[in-house]
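Undergrad: generate coordinates for the sequence data below:
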Amino acid sequence: MYIHAVLNLKIKSITHKFLIRGHTQNEGDAVHSLIEKQVKRCLKSGPIYVPSQYVCAIRSAKKRGTPFAVNEMSYGDFLDIKQLPVPRLNKSVDGQVVKLSDLKVIKVEKNEHEEIKISYKTSYFDDFKELDLNKRTNRNSRRE
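TA: Numbers count the residues shown, from 1 in each chain. Take a look at the predicted model:
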């Protein structure tokens, strides 16, 4: 999906830093907690049948200040990514096997010739290493 975004949007690069399990807390955690409690309160008065009931619950979850902003989306707002080509990301250009579960940082960037380069780190302190993108496949060919 990052490759698609970099190729098709006005984005030169995307860097994804994976969080360290058990070492994170952000303001989103408190927001999710408030929303979860409000949904439970709403469920006590009866079942939730339609998405608009969730929208009302989310907006009313915050008791003080301005209500949470809810961006309602429809089916057409989502991109079907099933048919996008999926590169094999299991080897570096040096031929080393790369386990996706070991990645700490992944960077997708395009150069002035619209060529994609994917770099990664297995430690936050390492230099970036490049993934080998020569062999590409798509999801359908993996299933065969």
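Undergrad: next, the buried residues of the longest helix belonging to the chain.
TA: Taking DSSP state H as the criterion, the chain has its longest helix at helix 27-44. Buried residues in helix 27-44, defined by neighbour count with 16 or more other Cβ atoms under 10 Å: I35, Q38, C42. No exception for glycine: its C-beta is placed from N, CA and C like everyone else's.
Undergrad: out of these, which one sits closest to L79?
TA: L79 has its nearest neighbour among those in I35, at 25.1 Å by Cβ to Cβ.
Undergrad: could you measure from the closest one over to S45?
TA: 17 Å (Cβ to Cβ, to the nearest Å).
Undergrad: give the residue farthest from the middle of the chain.
TA: Note on the chain: the largest C-alpha distance from the chain mean falls to S45, namely 34.2 Å (Cα atoms, centre = their mean).
Undergrad: pLDDT weak spots in the protein?
TA: 23-25, 27, 135-144 (pLDDT under 70).
Undergrad: name the nearest residue to S119, ignoring sequence neighbours.
TA: Spatial nearest neighbour of S119, excluding adjacent residues (Cβ to Cβ, 6 or more residues apart in numbering): F128 at 3.9 Å.
Undergrad: is it true that the one you found touches V108?
TA: No. Look at F128 against V108 with Cβ atoms under 8 Å: they stay out of range, at 11.6 Å.
Undergrad: would you mind telling me which of the two has the busier surroundings?
TA: The residue with more neighbours, out of F128 and V108, is V108; 23 against 13, by other Cβ atoms under 10 Å.
Undergrad: one step back: Q53 versus the residue farthest from the centre of the chain, what's the distance?
TA: According to Cβ to Cβ, S45 stands 11 Å off from Q53.
Undergrad: what about V6, how many neighbours?
TA: For V6, the neighbour count with other Cβ under 10 Å is 20.
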